[in-house]
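1. I would like the atomic coordinates for the input below:
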Amino acid sequence: MARPKTEILYGFHPVCEALRANRRALHAVLVRRGRQGGRMATLRQLAGPQNIRIETVDESRLTEVTGHDEHQGICARVAPLPFSDLPDVVGAAEGAGRKAFFVLLDNVQDPRNLGAIIRTAYCAGVDGLVIPRDRSAGPTPLVSKASAGALEHLPIIRVANLVQAVQQLQKMGLWIVGLEGGADQSLYACDLKMPLGLIVGGEEKGLRPLVKRQCDFLVSIPHARVFNSLNASVAAALAIFEARRQRLPAEQTTGGGGA
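-> Numbering: from 1, shown residues only. Modelled structure (predicted):
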């Protein structure tokens, strides 16, 4: 299915982060009539240098344009988010002197889970996110909203075949670690300091067998009690930040932003 030529971002953070990232064209910004304060000042400060028109409209117009009332009084008509190429993102990490760190998603279909994973990945310094073209949530406005706008910054690589993407990363020197509930090896006992591709499975079935067979290691998150598996975005957050903890020098493992 062809991607639309434009889409509607909504919410303060997605629109402002799209302006900051400047990765896609913004054609117009609509704000609710009477909206003032610091957020409007920030929006105007970001939009001004890019000569982007800010149009004041009634709230009913925002609801009409977005199709719902979750717009927070702001939306923007934008071009679709551009996808990145796998070799380019690996090369950028290596050029910056980093060991590449990718997250790959296997059948994560809930857009809110995808948004939460993107937000975590961006905050943890992940270089890029790999998602399949089929049977996967895509980078929609809902995902940008769920990511608090982090989608606008993190390179997204969309592939036709996840297994082939895994093999491509392995040829480029990355080790592939799959997050699997039944794995014997604990996440916390696995060395994650090497060039890394971390694969997180979908909400219902986890990693597909063919994807599991491509992994260099399978790891699980130890549970204190026997219960259903963790939500995909929660499991991803634990694994991503464990990798970050291991990969940072000891003096850089404290501090950080708020929730």
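
2. Confirm for me that Ala100 is in contact with Pro87.
-> No - if you go by CB atoms under 8 Å, Ala100 and Pro87 don't touch, sitting 10.8 Å apart. To be clear about C-beta, it is placed using only N, CA and C from the backbone, and glycine gets the same treatment.

3. Name the residue in the two with the higher neighbour count.
-> Ala100 (22 against 12; other CB atoms under 10 Å).

4. got the contact list for the more buried one?
-> Neighbouring residues of Ala100 by CB atoms under 8 Å, 6 or more residues apart in numbering: 89-90, 93-94, 127, 172-174, 195-196.

5. Just the buried residues of these.
-> 89-90, 93, 127, 174, 195-196 (16 or more other CB atoms under 10 Å).

6. Same list (those residues) but as JSON lines, adding pLDDT and distance to Ala224.
-> Shown next, in JSON lines, are the buried ones among the contacts of Ala100 (pLDDT from 0 to 100; distance: CB to CB, whole Å):
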{"residue": "Val89", "pLDDT": "97", "distance to Ala224": "37"}
{"residue": "Val90", "pLDDT": "96", "distance to Ala224": "37"}
{"residue": "Ala93", "pLDDT": "95", "distance to Ala224": "35"}
{"residue": "Asp127", "pLDDT": "97", "distance to Ala224": "32"}
{"residue": "Leu174", "pLDDT": "97", "distance to Ala224": "32"}
{"residue": "Pro195", "pLDDT": "96", "distance to Ala224": "32"}
{"residue": "Leu196", "pLDDT": "97", "distance to Ala224": "26"}
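
7. just those now: which is nearest Thr42?
-> Among these, Asp127 lies closest to Thr42 (CB to CB), at 27.8 Å.

8. Name the helix or strand for the spatially closest residue to the closest one that is not a sequence neighbour, please.
-> Nearest non-adjacent residue to Asp127, counting by CB to CB, 6 or more residues apart in numbering: Ala93, 4.5 Å away. If you go by DSSP states H and E, Ala93 is part of helix 86-95.

9. C-terminal to that helix, what's the next element?
-> Once helix 86-95 ends, the next helix or strand along the chain (criterion: DSSP H and E) is strand 101-106.

10. Following the chain past that next one, name the next helix or strand.
-> helix 111-123.

11. For that following helix, list every residue counted as buried.
-> Across helix 111-123, burial judged by 16+ other CB under 10 Å covers 111, 113-123.

12. likewise stretch 144-159?
-> Residues of stretch 144-159 classed as buried: 144-152, 154-159 (neighbour count, 16+ other CB under 10 Å).

13. Stretch 101-112 too?
-> Neighbour count says stretch 101-112 has 101-108, 110-111 buried, by 16+ other CB under 10 Å.

14. And the closest residue in space to Met194 that isn't next to it in sequence, how close does it get to Val166?
-> Counting by CB to CB, 6+ apart, Met194 lies nearest to Trp175, which is 5.0 Å off, once chain neighbours are set aside. Separation of Trp175 from Val166 (CB to CB, to the nearest Å): 11 Å.
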